[in-house]
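A.B. asks: one predicted model, sequence on top.
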Amino acid sequence: MRAAAAVMWQRSGAPLYRLLWRPATLAWIPTAAICAFIPMVFVLSIRLAFGLPELELSAGRAIQVLTLVAMMGLLVGQIVRELQHCPWSWAVPSLRRRLLPGVVLLGVLTALFARETWVLLAIPFEIGSRNAARDLYRFWNDFPPLSTGVFALYFLAFTAAVRPVPATIAGLLTGVFLADELTRAAAAHQAVAMLAAAVLVPVLLYHTLGASAARRRPFLPTRLLSGPVTTAARAPAPLRAGGGAQWKLAQLGAEPLDWLRAGVFENHGYRTSFVRVGTVAIAAAGLGYVALQTLLGAFLGATALWSGIYANAGRNIPDAIMSLTIVSALVTVPLAVFLTGFGSISLTRAPFYPLSRGQLAKIEFWGSLAEATVVTGLMAALLTAFWTSVYNEVWGYVAFGSTVWERLTGSSTAWVPALTRPLALVFLIAPIVQLFRLRYLRAAAPRNRIVVFIAVVALTAALTFAGLIAMGWANVLAPRYSLIVDVPVFAALAIVSQLLYRRGVERYFATADLI
Amino acid sequence: MANAFELEDLTKKFGSVVALDKVTLAIPERRVVGLIGRNGSGKTTLMHHVVGLQLPTHGRCTTLGEPAATLGSEQLAEIGVVWQESRFLDWMTVERHIRYVASFYRRWDREREQRLLHELELETNKRVGTLTPGNAQKLGLILAVCHHPRLLLLDEPMSALDPISRRQVLAFLLELLHEDEVTTVISSHVLRDIEEIVEWIVCLDRGRVSVDCSLDSLQERYSEWVVTSARPLARSFEEPWILEQRTNNHKAHLMVRDAEDRIESFEGKYEVQVHSQPLNLERIFPLLHHRRNP
Amino acid sequence: MVVVIDPHSGVPVFRQLRDQIRFQIVSGMLKPGDELPSTRALSAELGLNPMTISKAYSYLEMDGLVEKRPGLCLVVNELADDDIDTRRVMQFRHSAKPVAAIARQLGLSRQKALEIFAETLDGTDGAGAASASEEVG
C-alpha cells in the first residue's frame, strides 16, 4: 500500500507540487481566488450586513463562475508552459506524461467546485413561458454531469497557450463586469443566445481537441491526437520584424525634455507596445474592479459602518458602494499596474548614459510628473467615457451614485466630486508608486518582480481604500460640498507630495548603487 | 601626468560581504592596465566605482579629477565602458541602437564605427536581443570606443570572441592607444591576450590589491627553477622565497620570487644545479594568490 | 630589421627586443646609420604595446648603441672598433655560460670540453645528426 502511494506521489503528486510551486503562482492564485470568491463573499457579506434577501442573485453570478474556471485553466496552462520551457526540462523523462494526472485532477476539482458554486448562487430566473431554452436550462441545472462536464471542457480549452495573455484576462474580466447584463440580454433575446451557444461549443471543442491546439498543450500524450505534435514556440515573439521606431534626434544634450523623449523611446519604441499597454490597462481596470469590490463589500458588510452615514439615503446601499468602487478601482489600481509594469517612460538605464547622478534625478522627477499627469488624464478620459456612454443603459449604479452624492451634499453639481476626487487621488498616490518602483524594481539588485508588483498593487489598493473612507468621513463632517474648498486642498496636497517625491528621488540618486 | 583615476582606502561592503577592502590605487593617464584576479575578487566592483555607478562604503574614488559620485556629464562623456554582462535595449536593431547611443555624445566617429562593423563582421539589421554573446560583446565594444573616450574600461571584453575576432580587437585596441592616447583598463581571464597589450598589472585578491606594478617587473621577479642533482634531493626546500615546489628524487621544480641573485648560493648550499626559466603571466597568476604572499 | 618576439615566453618583451637589437647591432647586421623602425610602426607590426617598444629603445639609448635625433627615428650609432670588440666578447661570454654549465654537469674534463668545442667551431664534429640526438640539452 505504501509502495503504491509512493509511486503515485512520484508519478503525479510530485509533478503537481512542482506544477504549483512556481513564482508565477504567487501572482495567479490571488487572482483566481478573487474571481472564485467574489460572488460568494460579496453577496454573503451584503446579506449579513443589511439582510437584503431580495438582492438579485442572477445567473450573472454564474457567468462569473465560468470566468473562474477559465482563469484556473489559464493559470494551469501558463504554469505547464513555463515548466516545459525550463532550461533543462528536456532532460526530465516523460515530463508530459507526468504532468497529465495533475492537470486532470485540477480540471476535475475546478469543475466540481464551479458546479457547486453555481448551485449555491445561481437561482434560475424566470425566462418566460415554457420553451426549449428554459427546458435546456432546467436540464443543465438538474443534471450535474452535464454542467460539470462543460466546466471541465471550458477549463481544458483555456489551458492551451492562449495569447496574448493580458488581452485574454481583459476579455474574461470584461465578462465579469458585464455578467448581469449578458444574462439579461440572453434572457431577452433567446434565439441569439442559442445561436451563440451553438457556435461557441464547436469552437471550444476545436480548441480543446484539435491538432493545432495540441501543439500548444504539450502535456497531452501524443497518442491521443492526430497530426504532428511539435513543441510550442520557445520564446515569446510579440515583436515583429523591423525593430520598431527610429530614433530621430541627432544629438541629446543635457535638456531633461530630450531625455524624457529618450525614456519614452526606450520603453515604447517598438510598434506593438501601445497595444500591449492598452490591453494591460483594460485588464488592470477589470482586476481593480473585482478586487476593490470584494474588499469594500466585505468590509462594509462586516462592519455596516456606513449605514449610519447613509441613513437618509434610503436606497440600496450596495449600489452606492458599487458606484464608488467602480470609479475608484478603475482609476487607482490600473495606475499601479501601469506604472510598475507597462506604462513607464523613465530611462531604463541599460546603456551607459553620460549623465551625472543629479541629472538622472532631475530627469526621473520630471518623467514621473509627466507620467502621473498622463495617467490621470487617461483615467479621466476613461471615466468620462464610461459615464457618458453607458450612463443610461447599464450603469444604473453610477447614476444612482450621483443621486447619493446629491442627497448628501444638497448640490446639483455633486457628481463632480465623484469624478474628480478619485482622479485627484490618482495624482497624489502616483509618486508613492513611482518611488516604490525606483527603489525596488529598478534597483541595483531588483527584488523578485512578482512580489514587488503584488506589493505595489496591494499598497495602491490600500491607499485608495483609505482615501475613500477619508472622503466619506469628510462628507459627513462637512456635508456642504464646495468646489472652492476642494481645489486649494488638492493643490496644496499635490505640491507637498511632489516636493516629497523630489526629495526622495534626489536622495536615492545621491546614495544608491545604480548598477 | 595627471591621474586618470585614484582610489583611496576604498572599501565596499554588500551586507556582510566585503567586495573591496581598503583599496588604494592610482592610475596615471595613458597607461594600459591589466586588471586580473580570481572570480569574485572585486574587479567588476572596482570598475563600477571608477565610473560612479556604485558608491563606496568607506574611502574615496576620484576619476578624471572629479569625485566619482559627482561625475558630471562632460567627464562621463569621455569614459567608455564595456561590461561583462551586456546591457542593451534588446528590442532595437544593432544599427538603431548604435544611432541611439551615438546621439548621447557630441562627437561620434562614424568612420570608426563603420570600420569596426566591417572588420568584426557584425550585421546591423539584427535585433540586439537575438545576438550571440560574441556579437553582443562586439557591439559593446563599438558603443564604447566610437566617441573617442579618454578612459576606457573593459570588463571581460573578449571572453566570447573567436580567436580571429580577438586578434582583430587586440589590433584595434593597439591602434586606439596610438590615436587617442586613452587610458585603458582591461579585466580579463584570458591572460595570454592581455599580456600582449598591457604594460601594468593590478591584481585583486579577495578585494585587496595584491599586485600593483609593471608587467616587466612582475616577469623579472618571478621565475621557475629547475633543480637537478646527481644525488637524491632533499624532501623539500625551506627557503622563504620559494613559493611552490614539486620534488621527486632527482629533479625539483621551484617557483621562486626575487631570487635572481640567490642561484649560486643555493647551488652551493644544496650541491645542485639550477636552471632558471622565465614565467609568463598565465603561470605567474597562481603564484600571486599564494599563501605566502603578504 | 627582423625581430621575433614571443610575448608568452615569460621573458619581458622589452628585454627580448633589447637583446635582439643589441645582437644585431653588435654582429653588424644593423650597420651604423641604419634607422630603427618608429615605435608606432614596430608596435603595429609586432602587435605589442608601444610603451614596451619605447622602453627597449630607451635602454638601447642608455647603452649607447643608438642615438635619438629630435623628430626622427632612432639611428644606430657609429661605434669605435674596440667598443664593438668588447661588446662582441661580452655577448659571446653571455652565451657561453650555459654551455659551460652543461659541461660541468656532464663531468667533462676541461681538455675534452675544449676539444669538442674546437671541433664544433670548425664544423668537423662528425657523426652529425645521430650524436646530436643523443645530446642532453
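C.D. replies: Received the coordinates, thanks.
A.B. asks: from here on, just use CA atoms for contacts and neighbour counts.
C.D. replies: OK.
A.B. asks: and the residue in the stretch 151-294 of chain B positioned nearest to chain A, how many neighbours?
C.D. replies: Of all residues in the stretch 151-294 of chain B, B:Leu153 sits closest to chain A, at 12.0 Å by Cα to the nearest Cα. Here the number of neighbours of B:Leu153 (other Cα atoms under 10 Å in any protein chain shown) works out to 25.
A.B. asks: so it sits against B:Val185, correct?
C.D. replies: Yes: with contact defined as Cα atoms under 8 Å, B:Leu153 reaches B:Val185; the gap is 4.9 Å.
A.B. asks: SS state for the residue nearest the centre of chain C?
C.D. replies: Among the residues of chain C, the one closest to the centroid is C:Phe23, at 3.5 Å (Cα atoms, centre = their mean). The three-state assignment at C:Phe23 reads helix, by DSSP: H, G, I helix; E, B strand; the rest coil.
A.B. asks: and the pLDDT at the closest residue in space to it that isn't next to it in sequence?
C.D. replies: Leaving aside its chain neighbours, C:Phe23 sits nearest to C:Gln91 (7.6 Å; criterion: Cα to Cα, 6 or more residues apart in numbering or on different chains). Reported pLDDT at C:Gln91 in the predicted model: 85.
A.B. asks: then B:Ser236?
C.D. replies: Here the pLDDT value assigned to B:Ser236 is 83.
A.B. asks: helices of chain B, residue ranges please.
C.D. replies: In chain B, the helices defined using DSSP state H lie at B:43-50, B:73-76, B:94-102, B:110-119, B:133-145, B:163-180, B:191-197, B:215-221, B:263-270, B:281-288.
A.B. asks: could you pull up the mean pLDDT of the shortest one?
C.D. replies: The average pLDDT for helix B:73-76 rounds to 90.
A.B. asks: is that helix anywhere near chain A?
C.D. replies: Yes: counting by Cα under 8 Å from any Cα of the partner chain, chain A has neighbours in helix B:73-76: B:73-76.
A.B. asks: which other helices and strands contact that helix?
C.D. replies: When contacts are defined as 3 or more Cα pairs under 8 Å, 6 or more residues apart in numbering or on different chains; DSSP states H and E, helix B:73-76 packs onto no helix or strand at all.
A.B. asks: report the buried residues of that helix.
C.D. replies: Going by neighbour count (16 or more other Cα atoms under 10 Å in any protein chain shown), the buried part of helix B:73-76 is B:73, B:75-76.
A.B. asks: burial measure for A:Phe265, as a count.
C.D. replies: A:Phe265: 20 neighbours (other Cα under 10 Å).
A.B. asks: now do the phi/psi pair for it.
C.D. replies: Per-residue torsions, A:Phe265: phi -60, psi -40 (degrees, to the nearest 10).
A.B. asks: identify the residues contacting it.
C.D. replies: A:247, A:345 (Cα atoms under 8 Å, 6 or more residues apart in numbering or on different chains).
A.B. asks: and what of A:Ala494?
C.D. replies: Neighbour list for A:Ala494: A:427-428 [criterion: Cα under 8 Å, 6+ apart].
A.B. asks: neighbouring contacts of stretch B:113-125?
C.D. replies: Contact with stretch B:113-125 is made by B:93-95, B:135, B:138-139, B:142, B:146, B:165, B:168, as judged by Cα under 8 Å, 6+ apart.
A.B. asks: how about the residue in chain A that chain C sits nearest to, secondary structure?
C.D. replies: Residue nearest to chain C within chain A: A:Phe352 (27.9 Å; Cα to the nearest Cα). Classification of A:Phe352 by three-state DSSP places it in coil.
A.B. asks: what is the neighbour count of it?
C.D. replies: 21.
A.B. asks: for it, which residues are in contact?
C.D. replies: With contact taken as Cα under 8 Å, 6+ apart, A:Phe352 is in contact with B:Val81.
A.B. asks: hang on, B:Ala144 packs against B:Gly80?
C.D. replies: Yes: if you go by Cα under 8 Å, B:Ala144 and B:Gly80 touch, sitting 4.5 Å apart.
A.B. asks: from chain C, how far out is B:Gly15?
C.D. replies: Distance of B:Gly15 to chain C, computed by Cα to the nearest Cα, to the nearest Å: 40 Å.
A.B. asks: from B:Glu267, how far off is that residue?
C.D. replies: 52 Å (Cα to Cα, to the nearest Å).
A.B. asks: next one: C:Phe23
C.D. replies: Distance from C:Phe23 to B:Glu267, by Cα to Cα: 30 Å.
A.B. asks: read off the pLDDT value for B:Val227.
C.D. replies: 89.
A.B. asks: what of A:Ala512?
C.D. replies: So A:Ala512 comes in at 91 (pLDDT).
A.B. asks: OK, contacts around it?
C.D. replies: A:Ala512 makes contact with B:54-55, according to Cα under 8 Å, 6+ apart.
A.B. asks: what does A:Ile429 give?
C.D. replies: So A:Ile429 contacts A:460, A:463 (Cα under 8 Å, 6+ apart).
A.B. asks: distance check, it against A:Glu364.
C.D. replies: Computed as Cα to Cα, the A:Ile429 to A:Glu364 distance reads 17 Å.
A.B. asks: same question for A:Asp258.
C.D. replies: 12 Å.
A.B. asks: what is the burial count for residue 67?
C.D. replies: Reading this off chain A. Neighbour count for A:Thr67, taken as other Cα under 10 Å: 26.
A.B. asks: hmm, no, I was thinking of chain B.
C.D. replies: 18.
A.B. asks: now swap in C:Ser43 and tell me
C.D. replies: Neighbours of C:Ser43 (other Cα under 10 Å): 22.
A.B. asks: any low-confidence regions in the stretch 101-250 of chain A?
C.D. replies: A:117-141, A:160-171, A:173-190, A:192-194, A:197, A:200-246, A:248-250 (pLDDT under 70).
A.B. asks: right, I mislabeled it, should have said chain C
C.D. replies: C:125-137.
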